[in-house]
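Engineer: Here is my input; please provide its structure:
(2 chains)
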Amino acid sequence: MAAKIQDIDEAPSLPITGAAYLPGVAYDEMIAKGGDVREHYAALQNRISRLSADELADRQRMLERSFLLQGITFTVYGAESATERIIPTDLFPRILPAKEWAKIESGLTQRLQALNMFLADIYGEQQILMDGVVPRELVLGAPSYRREMQNLYVPHKAYANVCGSDLIRGQDGEFAVLEDNLRVPSGVSYMLANRDAAKRTFPSAYREAGVRPVERYPDLLLATLKSMAADWLSNPQVVVLTPGVYNSAYYEHAYLARLMGVPLVEGRDLVVHDNMVYMRTTTGLRRVDVIYRRVDDDFVDPLTFRRDSSLGAAGLFNAYRAGNVVMCNAPGTGVADDKAVYAFVPDIIRYYLGEDPILPNIETYLCREPAQLSHVLANLDKLVVKAVGASGGYGMLVGPHASARERAEFAEALKADPANYIAQPTIQLSTAPCLIDGRIEPRHVDLRPFILSGEKTVVTPGALTRVALKRGSLVVNSSQGGGSKDTWVLAEENGHHNGGTGHDAR
Amino acid sequence: MMLARVADSLYWLGRYIERAEHLSRLSTVMLNATLDQTDTGAQAVRIALSAVGETESRIGPFEAARGLVLDKGDPNSVFSSLARARENARQVRDQITTETWERLNLLYLKVMDRNADRDFADNSVNFLHDIIADVHLFKGAADATMSHGESWRFMMLGMYLERAQLIAGLLEACFTEGHGREINDHLALVAVLRMGCALEPYLRVYTAEIEPRHILEFMVFDEDFPRSIRFATAQIEKHLSELARHVEATGRAAPERLAGRLKARLEFADVDELESHGAAGLLTTVANECARIHEAIYETFVAYPLELRLPA
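Structural biologist: Okay, here's the model as predicted:
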């Protein structure tokens, strides 16, 4: 590996320079195949290589301290006491050049447009089912399909107003969509908090690289939410609905409400009367027009969905049906990010837009098809198998990393309920440099950008990069020991940006 | 306009912060007083414990102070107050500024720290000094960075109500019958003033002639001292009048009227009346009226019956 070794004499005791960074077989975000640093990483790599292990550790500590102080934490309830932990965060940003981002941006816009058209169709005429493009039972039988949404007017056909898609980069260096999240995607506050921290951690590298800002997300979100009521109200009252302070994403709910300047409400703050939604304020009841709800479909209204839910408000859905309030995202969007429907998204894009998908899917086997099931069973050691209804890295088998016994157990579950599973080849996710126990090591990462869709569709030029902190692990979910890092989307290929004085473009 | 639940949380945030500060001060004065090998120490311990409702103590002053400060099982300890203050702040994180939140979060992390017990044992007076200073930073950050609108007023309301009750409780423990013998020792009286954070302002008014009569006059009736009951009551009345302006009155308990009445009572009473009738009567009135104001706040702003507030 043609690594940078010039620092070795100066800092012999510190195994921190490029020399120690050895990417494996996966595509590495920083180091190209030949061992050279990719051009868009040059500024950062240059900065890192001039920092000692102690300095890096200091910056990492500073970063963690600032997260703790801001309260970006989740609570771990132990036997005796509760302790607060920060979400593991890595100090090195992941960098994407402008050209790669342009493709991601257009691919995600295309995909969300098609999925929103799909939802409008499914909850309307169901033309796509009649044309046999997607199997009828797959859609109407999905647990996330909401009959209650049938024939309901949704402005701009924007069912999913906030979408967080998970992209991965395979060994060939190409991005593909692993999953769409159209229900209540979270993580955007970490994108913003990571950015804030990265600016303080590597200010000069940040300026030199020419990074596109993500800080407009809150006002774009507010504009998107308001556009959902713009038909009949010029200045609608927007609120964020949270399950409450014990929810693991509570920090994010409060963060977004604060930055949008709108009330953060809980179900118990809402009252529905005559199909109108009100919140209890100190001066009486006030109308609510748009609810950015961070409560799952099942819990928004005990009268319509789960009766044991105390997180929503009784009568909310009827008020929604009556057109007196908007819920974002609309209930029932989950049918478009169902893991089985996923396999048909390329067809869905072609069907509605007449275009080929810009971002490919991962090859997916539907175990409901007998032929595909037997293929999956025969190749369990090579595949990743996922339960259709599960998320967060649960109910999942990573074939190559599982023991023979785990695979045998999973095979039984598969045979018992094949329709509940899909399988995909095991992808070597790309790797990015992370600071692990004082050393810079490659770890697998994915990419979750955020797309807003109301009157317009906007992709924020940035993302949450999730990291599998365990060596070799391919599971990035925070519930499974994953962390995150900032994502820099560069303004131009050569990094000129922000009216800077311009530096040498080689 | 703000959510009723949010107002409730901000109100309690104010109360808990004030309680944490007061308890820290009682503890530190108590510990300081016991350094002198005189009768003063014992008196200070008795006053402090009696002010927080504990009549007798079989444990030493250090253990008692540690209990007041760090006992996680005691809902009234400094630890519990700060934990609850922060919990309330977390519930309304979108309503308070980052500057304010960070001060409180730091304080909480300090008492939560697994070394807190050791730090307290090593140098309890320093430990408590830092807590009180941090509470002041919190209050300063709130004052300097939050809009002085509804959110802030509810927090102030909680703070001043709590303060009026705590000071009334302290004076009751010192100057009413049924709380042991009369305090006449100079150093013990100084300790009382310290517990009310009143020593230096008192000296400017009355010089170093420290007498129970003057202490009562100062801590109950002084117009300008921010920890006098009269001052706190005036603040309560002011914030309530502002808050109530936007509430359409329909058979409600009108907390601002209750506060106005208490304020007037304190404006027109004087220390001679206290001396002739004993302080107990007035102090009990203060405590009872504060409790009624608290209930009225709930009925007016937080737990009002919905039927009365539905749009026509």
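Engineer: for stretch B:211-229, what is the average pLDDT?
Structural biologist: For stretch B:211-229, the mean per-residue pLDDT is 95.
Engineer: And stretch B:105-124, by the same measure?
Structural biologist: Averaged across stretch B:105-124, pLDDT comes to 92.
Engineer: Would you mark the buried spots in that stretch?
Structural biologist: The neighbour-count check on stretch B:105-124 (16 or more other CB atoms under 10 Å in any protein chain shown) flags B:105, B:107-112, B:116, B:119-120, B:124 as buried. In short, each C-beta sits where N, CA and C put it, glycine included.
Engineer: Let's verify residue A:278: helix, strand, or coil?
Structural biologist: Counting by DSSP: H, G, I helix; E, B strand; the rest coil, the backbone at residue A:278 sits in strand.
Engineer: Wait, it touches residue A:265, no?
Structural biologist: No: using CB atoms under 8 Å, residue A:278 makes no contact with residue A:265, being 10.5 Å away.
Engineer: Which stretches in the stretch 401-506 of chain A count as strands?
Structural biologist: A:421-425, A:431-436, A:439-444, A:450-453, A:457-459, A:465-468, A:482-485, A:487-489 (DSSP state E, counting those that start in this stretch).
Engineer: Run through who's touching the last one.
Structural biologist: The reference is to strand A:487-489. For strand A:487-489, contacts defined as CB atoms under 8 Å, 6 or more residues apart in numbering or on different chains pick out A:93-96, A:98, A:101, A:191, A:194, A:198, A:206, A:209, A:211-212, A:447, A:461-465.
Engineer: do the second one as well
Structural biologist: With contacts defined as CB under 8 Å, 6+ apart, strand A:431-436 is touched by A:21, A:23-24, A:26-30, A:48, A:56-57, A:60, A:90-92, A:94, A:440-445, A:465, A:467, A:469, A:471, A:483, A:485.
Engineer: Give me the buried entries from these.
Structural biologist: Looks like the contacts of strand A:431-436 have A:21, A:23, A:26-30, A:48, A:56-57, A:60, A:90-92, A:94, A:440-445, A:465, A:467, A:469, A:483, A:485 buried, using 16+ other CB under 10 Å.
Engineer: Residue A:127 touches residue A:120, doesn't it?
Structural biologist: No: checked against CB under 8 Å, the pair residue A:127 and residue A:120 is beyond contact range at 10.2 Å.
Engineer: Looking at these two, which is more packed in?
Structural biologist: Legend: neighbour count by other CB atoms under 10 Å in any protein chain shown for residue A:127 and residue A:120, higher for residue A:120 (18 against 12).
Engineer: could you check the distance from the more buried one over to chain B?
Structural biologist: Separation of residue A:120 from chain B (CB to the nearest CB, to the nearest Å): 33 Å.
Engineer: Next, the contact list for that residue, please.
Structural biologist: A:154, A:157, A:159.
Engineer: any idea which of those has the most stuff around it?
Structural biologist: Neighbour counts for the contacts of residue A:120 (other CB under 10 Å) peak at residue A:159, which has 28 neighbours.
Engineer: residues in contact with residue A:213?
Structural biologist: By CB under 8 Å, 6+ apart, residue A:213 lies in contact with A:461-462.
Engineer: just checking, it is part of a helix?
Structural biologist: No: going by three-state DSSP, the assignment for residue A:213 is coil, not a helix.
Engineer: so how far is residue A:195 from it?
Structural biologist: 8 Å (CB to CB, to the nearest Å).
Engineer: low pLDDT regions in the chain?
Structural biologist: You didn't say which chain, so I picked chain A. Scanning chain A for pLDDT under 70 picks out A:1-20, A:75-82, A:389-393, A:479, A:493-506.
Engineer: Switch to chain B, please.
Structural biologist: Applying pLDDT under 70 to chain B flags residues B:55-57, B:178-181, B:249-253, B:312.
Engineer: In which helix or strand does the residue most central in space within it reside?
Structural biologist: Centroid-nearest residue in chain B, with CA atoms, centre = their mean: residue B:163, separated by 2.8 Å. Per DSSP states H and E: residue B:163 is located in helix B:150-175.
Engineer: centre of the chain versus that helix, how much separation?
Structural biologist: Distance, stretch centre to chain centre, for helix B:150-175: 4 Å (CA atoms, centre = their mean, to the nearest Å).
Engineer: Could you confirm whether any residue of that helix contacts chain A?
Structural biologist: Yes: Helix B:150-175 comes into contact with chain A (CB under 8 Å from any CB of the partner chain), by way of B:150, B:154.
Engineer: Please list the residues of chain A that sit near chain B.
Structural biologist: A:68-71, A:81, A:84, A:245, A:250-251, A:254-255, A:257-258, A:263-266, A:268-269, A:271, A:273, A:279-286.
Engineer: hey, where'd the helices end up in the stretch 101-250 of chain B?
Structural biologist: All helices of the stretch 101-250 of chain B, identified by DSSP state H, counting those that start in this stretch, fall at B:116-122, B:124-145, B:150-175, B:186-195, B:199-206, B:212-216, B:229-244.
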